[in-house]
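Enquirer: 3D, please:
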Amino acid sequence: MQRLYDFIRRHPTGVDTFWAVILFGFCCLQIVVAGDHSRQAAAGVQTALAAGMATAVALRRRVPERMLLLVIALGVGQLALNVPPQVQDFAMLVIVYTVASAGRRWASRVALVATLCAAPLAHVRWMQTGGANSGPEKVFFVIIMTVPFVLAWVLGDSMRTRKAYFAQLEERASRLEREREAQAKVAVAAERARIARELHDVVAHNVSVMVVQADGAAYVMDTSPDQARTALETISMTGRQALAEMRRLLGVLRTGEHEEAGEYVPQPDVRQIEDLVETVRGAGLTVDFKVEGTPRALPSGVELTAYRIVQEALTNTRKHGGPDAGASVRLVYFDDGLGLLVEDDGRGAAHEMYEDGGADGQGHGLIGMRERIGMVGGTLDAGPRPGGGFRISALLPLKPAG
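Expert: Numbers count the residues shown, from 1 in each chain. Sure thing, here's the model as predicted:
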């Protein structure tokens, strides 16, 4: 049965043609059985009308509007030629239903008007006008004859509404699927950008500290072994810290089947800025650190952003500040925000560092800062200081939870 249904759906015109042939056969049988063979012209007219109605049924789904006009023309011709209602008139019901369900709106309205006019015109043309039928009986007969046509139109119009509803549901589902795919792509891009920023901050800060300490250790290895040992310890501690942050960061890319998933350290916060400053001081950079206002709990996103901004600013001071550079870090707690001010008095790195690729000035530090600030709704002001050096000033709003 399923194959039969599939065949019917694939070949609608063929199915309609089959029923049109059956309708035409019944019409011809009626003409032969009830016809008067002495009136060959009337039989020919009836056959032509039957052929026209059958053609309308066969092509009703290909050109419904044209078939409606054809059926109306055949009906008018039937009235004009005084051909009584026959079996072929059943095609009118089929065409009315088809136009109401699949035709254009104007054709559907024309079909409704035609259904309302067909029965009264047929009654006027062929019913007896004698006293056998009273007025109420005639009205009742007209109503009874009109009901099938109206029902066919109503059924077709309801099918049109149902098809439009299902088409709207399919279009909505398709649109939602596209939107879901777009949102997934945006989420993936945002996560990749976040990971890239975190990797940049981790690598740029810790690796630069390790490079500075390694160069210092190599320089004093022979003359001051104790300083060299201290530098190597700093390198070891910085490397472990970098590995811990890398392990935490890459944890978001894992599926959770590894046991190491429980070993990842928390996100850095404002309280760890002081440890960061101590690490930078141990690497040889003079840093003045001061906190103003009353420290209090901050949203995790604000704390991570503050830590990364200070980390990136101090990294840039080491890379670009040149020899004997110093820096100052200020944290100011306002009623509605957290202020950051990082300044240095550097004069720029030596030209040899640019040639070696150690500080080419083409990194993404400031871009990452602005992205982080934008994510929490803050503002950032970065640029050279009057008289030399560089200043980074940021204001992070404290949004209430939820």
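
Enquirer: which residues sit against stretch 62-74?
Expert: By Cβ atoms under 8 Å, 6 or more residues apart in numbering, the residues outside stretch 62-74 that reach it are 13, 49, 52-53, 55-56, 59-60, 91-92, 95-96, 98-99, 102-104, 107, 110-111, 114. C-beta: built from backbone N, CA, C; applies to glycine.

Enquirer: Excluding residues flanking it in the chain, which one is nearest Asp381?
Expert: Distances taken as Cβ to Cβ, 6 or more residues apart in numbering put Ser393 closest to Asp381, at 4.5 Å, once the chain neighbours are dropped.

Enquirer: Dig out what that neighbour forms beta bridges with.
Expert: Beta bridges link Ser393 to Leu341, Asp381, judged by DSSP bridges.

Enquirer: Show me where the protein has its strands.
Expert: Remark: strands assigned in the chain by DSSP state E are 286-292, 326-333, 337-344, 379-384, 390-397.

Enquirer: Just name the most buried of these.
Expert: Across the strands of the chain, the average number of neighbours (mean count of other Cβ atoms under 10 Å) peaks for strand 337-344, which reaches a mean of 22.

Enquirer: Just list what it packs against, helices and strands only.
Expert: With contacts defined as 3 or more Cβ pairs under 8 Å, 6 or more residues apart in numbering; DSSP states H and E, strand 337-344 has these neighbours: helix 300-320, strand 326-333, strand 390-397.

Enquirer: so can I have TSV of those showing distance to Gln86 and mean pLDDT?
Expert: TSV is the format used below for the helices and strands packed on strand 337-344 (distance: least, Cβ to Cβ, whole Å; pLDDT from 0 to 100):
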stretch	distance to Gln86	mean pLDDT
helix 300-320	82	84
strand 326-333	96	91
strand 390-397	85	90
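
Enquirer: So which of those is nearest Ala184?
Expert: Set against Ala184 and scored by Cβ to Cβ, the helices and strands packed on strand 337-344 come closest in helix 300-320, at 22.3 Å.

Enquirer: ok so, going back, out of the strands of the chain, the one nearest Pro85 is which?
Expert: With Cβ to Cβ as the yardstick, what comes closest out of the strands of the chain is strand 390-397 (82.9 Å).

Enquirer: what's the angle from the closest one to strand 326-333?
Expert: Angle of strand 390-397 versus strand 326-333, following axes from the mean of the first three to the mean of the last three Cα atoms, to 10 degrees, is 10 degrees.

Enquirer: Using PDB, list the CA coordinates for strand 390-397.
Expert: The C-alpha trace of strand 390-397 is given here as PDB (Å, rounded to 0.1, in the frame of the first residue of the first chain):
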ATOM      1  CA  PHE A 390      53.300  54.500  28.900                       C
ATOM      2  CA  ARG A 391      50.000  54.600  30.700                       C
ATOM      3  CA  ILE A 392      47.100  52.200  30.800                       C
ATOM      4  CA  SER A 393      44.000  53.300  32.600                       C
ATOM      5  CA  ALA A 394      40.900  51.200  32.900                       C
ATOM      6  CA  LEU A 395      37.500  51.400  34.600                       C
ATOM      7  CA  LEU A 396      35.600  48.100  35.200                       C
ATOM      8  CA  PRO A 397      31.900  48.500  36.300                       C
END
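
Enquirer: circling back: could I get the strands of the chain as a markdown table with distance to Gln168?
Expert: Putting those into a markdown table (distance: least, Cβ to Cβ, whole Å) gives the following:
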| stretch | distance to Gln168 |
| --- | --- |
| strand 286-292 | 60 |
| strand 326-333 | 55 |
| strand 337-344 | 48 |
| strand 379-384 | 46 |
| strand 390-397 | 43 |
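
Enquirer: quick one: which of these is nearest Met210?
Expert: Among the strands of the chain, the nearest to Met210 by Cβ to Cβ is strand 286-292 (17.8 Å).

Enquirer: Check which helices and strands that closest one is in contact with.
Expert: Using 3+ Cβ pairs under 8 Å, 6+ apart: strand 286-292 touches helix 273-282, strand 326-333.

Enquirer: List of residues touching the longest one?
Expert: Contacting residues not belonging to helix 273-282 are listed as 209, 230, 234, 237-238, 241, 268, 287, 289, 306-307, 310-311, 314, 318, 327, 329, 331 [Cβ under 8 Å, 6+ apart].

Enquirer: about what we covered before: tabulate the helices and strands packed on strand 337-344 (a markdown table), appending distance to Thr379.
Expert: Below are those laid out as a markdown table (distance: least, Cβ to Cβ, whole Å):
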| stretch | distance to Thr379 |
| --- | --- |
| helix 300-320 | 12 |
| strand 326-333 | 14 |
| strand 390-397 | 5 |
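
Enquirer: nearest to Arg372, of those?
Expert: Closest to Arg372 of the helices and strands packed on strand 337-344 is helix 300-320 (Cβ to Cβ; 4.6 Å).

Enquirer: what angle do the closest one and strand 390-397 make?
Expert: Orientation of helix 300-320 against strand 390-397 (the same axes, to 10 degrees) gives an angle of 180 degrees.
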